[in-house]
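In: Sequence plus the predicted model coming up.
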Amino acid sequence: MRAFQSWLPVFDRVFYFGAPERRLSSPKTVFVASPDFPSIKLLMQMAAIVSEPACIINADIVLDPKAHTAFYNTMRRYQAATSFRLEFNSDTRQARRVDNGLDAFIAHPAVWQRCWPIVPNHFRIGHPCWDSWLNAWLRDQLGVGYADLSAQKLVFHPNHKFREKRTHAPLQP
């Protein structure tokens, strides 16, 4: 809920992939039927057909309120952007970088149109590796057209160390 509430002032629309959930309903929310942990390819296909820059973001990511202005200004100058996430317990002001996770990518539809046909089919949201692959692809393809917003401290990931561990089925390439 905290992540969702942080997105409403940042984005014009929020597409959730999965079953509708009453607590996440809003005039901006659209639910798209999909399996748990939808493929990155599916998310990119949706991002490729909208008319403005679209952000692929993990569902638990909390955004700073200044992300709206930062994303808007960045997309006026760049083709795509990302940010390393900062981990927090309860207060995002005390967040710090603890890993190389990239849980939010924003890009113009044309970038998503170029990327979705070649992204590996086995990449899933909520699973490792897709973010590193996408980061490398964007850097290779866009060069100076790809921005790093990490210094602005916009993207926060909750510390899940006390959450019950989930087991995922192994991914097959």
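Out: Perfect, I can see it now. Numbering: from 1, shown residues only.
In: elements contacting the longest helix along the chain?
Out: When the chain is parsed with DSSP state H, its longest helix is helix 130-142. Contacts defined by 3 or more CB pairs under 8 Å, 6 or more residues apart in numbering; DSSP states H and E place helix 130-142 against strand 80-82, strand 104-107, helix 109-115. In this view, the C-beta of every residue, glycine as well, is placed from N, C-alpha and C.
In: how far does the last one sit from the chain's center?
Out: For helix 109-115, the separation from the chain centroid amounts to 15 Å (computed by CA atoms, centre = their mean, to the nearest Å).
In: Next: the shortest one.
Out: In terms of CA atoms, centre = their mean, the centre of strand 80-82 is set 10 Å apart from its chain centre.
In: Off-centre distance for the longest helix of the chain?
Out: Offset of helix 130-142 from its chain centre (CA atoms, centre = their mean): 14 Å.
In: what do you get for stretch 80-87?
Out: When distances are taken as CA atoms, centre = their mean, stretch 80-87 is centred 9 Å away from the chain's centroid.
In: List the residues that contact the closest residue to residue 71 other than its chain neighbours.
Out: Excluding its sequence neighbours, the residue lying closest to residue 71 (CB to CB, 6 or more residues apart in numbering) is residue 106, at 5.5 Å. If a contact means CB atoms under 8 Å, 6 or more residues apart in numbering, then residue 106 has 53-56, 71, 74-75, 80-82 as its contacts.
In: Which ones among these lie within helices?
Out: When DSSP H is applied, the contacts of residue 106 are split such that 71, 74-75 fall in helices.
In: Which neighbouring elements make contact with the worst-scoring helix or strand of the chain on mean pLDDT?
Out: Using mean pLDDT, DSSP states H and E, the weakest-scoring helix or strand in the chain turns out to be strand 86-88, at a mean of 89. Applying 3+ CB pairs under 8 Å, 6+ apart, one finds that strand 86-88 contacts strand 155-158.
In: Next SSE downstream of the longest helix of the chain?
Out: Downstream of helix 130-142, the next assigned helix or strand under DSSP states H and E is strand 146-148.
In: one step back: switch the helices and strands packed on helix 130-142 over to TSV; also include distance to residue 4 and mean pLDDT.
Out: What follows is the helices and strands packed on helix 130-142, written out as TSV (distance: least, CB to CB, whole Å; pLDDT from 0 to 100):
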stretch	distance to residue 4	mean pLDDT
strand 80-82	20	98
strand 104-107	14	97
helix 109-115	22	98
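In: Can you say which of the ones you listed is nearest to residue 150?
Out: Evaluated with CB to CB, those place strand 80-82 nearest to residue 150, the distance being 8.1 Å.
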